[in-house]
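A.B. asks: A structural model of the following input is requested.
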Amino acid sequence: AGKVDIDWKGRLRKNGLVLWHVGTNHAKDMIHGRLQITRPGPGYIHFSNELSDEWFRQFTGEARTTRRASRGDESVWTPIRKRIETWDCAVYVAWLEAYFDLGKKSAKFWNELESQVQPPTIDLFASTDSAATQENTDPFTNPIDDVREYPARRFKRTVRRLEQPGGFKARGW
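C.D. replies: Residues are numbered from 1 along each chain as shown. The predicted structure follows:
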């Protein structure tokens, strides 16, 4: 990683932007190797049933090819499609996994994380009555309590500002 943010005097900013170098060829090789694993287990990549065909076209949008270079033949990843955003995102996720040592985290760590981010209701589209009847002691995880946190006058102030001359409503939007 290296700092790349420079101020108008040509000096590096103390808390400026940092450029992270990602070993993309290594990450792509690792992902390709994991795709060869056919049984669920360590290293196996799981895909959702809800992913579109376009997602998979982008995910398979690069191929390992050999090309001649001045120092001999070299193997490189070459795009075979124009759009490969999902493949690029997978490469960055592989880098993040290595950077944060996520592969070394215990099952206990993942279970605790899941309990923190899992929603309190099983069905997110259930009526609010059924959500309110579920037992929940933490007020920050109940979406009903979060809605009550915001006062109505905050919204009224915004509406008044929009109705003023030159505001949102005045311009004919």
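A.B. asks: state the distance from the nearest residue to residue 43 once chain neighbours are set aside to residue 94.
C.D. replies: Counting by C-beta to C-beta, 6 or more residues apart in numbering, residue 43 lies nearest to residue 34, which is 5.0 Å off, once chain neighbours are set aside. To be clear about C-beta, it is placed using only N, CA and C from the backbone, and glycine gets the same treatment. According to C-beta to C-beta, to the nearest Å, residue 34 and residue 94 sit 9 Å apart.
A.B. asks: quick one, which of these two is more surrounded?
C.D. replies: Shown here are residue 34 and residue 94; by other C-beta atoms under 10 Å, residue 94 has more neighbours (20 against 14).
A.B. asks: spatially nearest residue to the more buried one, not counting backbone neighbours?
C.D. replies: Leaving aside its chain neighbours, residue 94 sits nearest to residue 27 (4.2 Å; criterion: C-beta to C-beta, 6+ apart).
A.B. asks: so how far is residue 40 from the one you found?
C.D. replies: Spatial separation of residue 27 from residue 40 under the definition C-beta to C-beta is 22 Å.
A.B. asks: who has more neighbours, the two?
C.D. replies: Neighbours per residue (other C-beta under 10 Å) separate residue 27 from residue 40, with residue 27 holding more: 20 against 9.
A.B. asks: what's near enough to touch that one?
C.D. replies: Residues near residue 27 by C-beta atoms under 8 Å, 6 or more residues apart in numbering: 91, 94, 95, 98.
A.B. asks: which parts of this protein are helices?
C.D. replies: Ranges of helices in the chain, per DSSP state H, are 24-35, 53-59, 85-99, 107-117, 128-133, 143-148, 152-163.
A.B. asks: so which of the contacts of residue 27 comes closest to residue 6?
C.D. replies: When the contacts of residue 27 are ranked by distance to residue 6 (C-beta to C-beta), residue 95 comes first, at 25.0 Å.
A.B. asks: my read: the closest one touches residue 26, true?
C.D. replies: No: no contact is recorded between residue 95 and residue 26 when judged using C-beta atoms under 8 Å, the distance being 9.0 Å.
A.B. asks: these two: which has the busier surroundings?
C.D. replies: The neighbour count for residue 95 versus residue 26, taken as other C-beta under 10 Å, is higher for residue 95 (18 against 13).
A.B. asks: residue contacts, the closest residue to that one other than its chain neighbours?
C.D. replies: For residue 95, the nearest residue in space outside its immediate sequence neighbours is residue 22; the separation is 4.6 Å by C-beta to C-beta, 6+ apart. By C-beta under 8 Å, 6+ apart, the residues touching residue 22 are 91, 92, 95.
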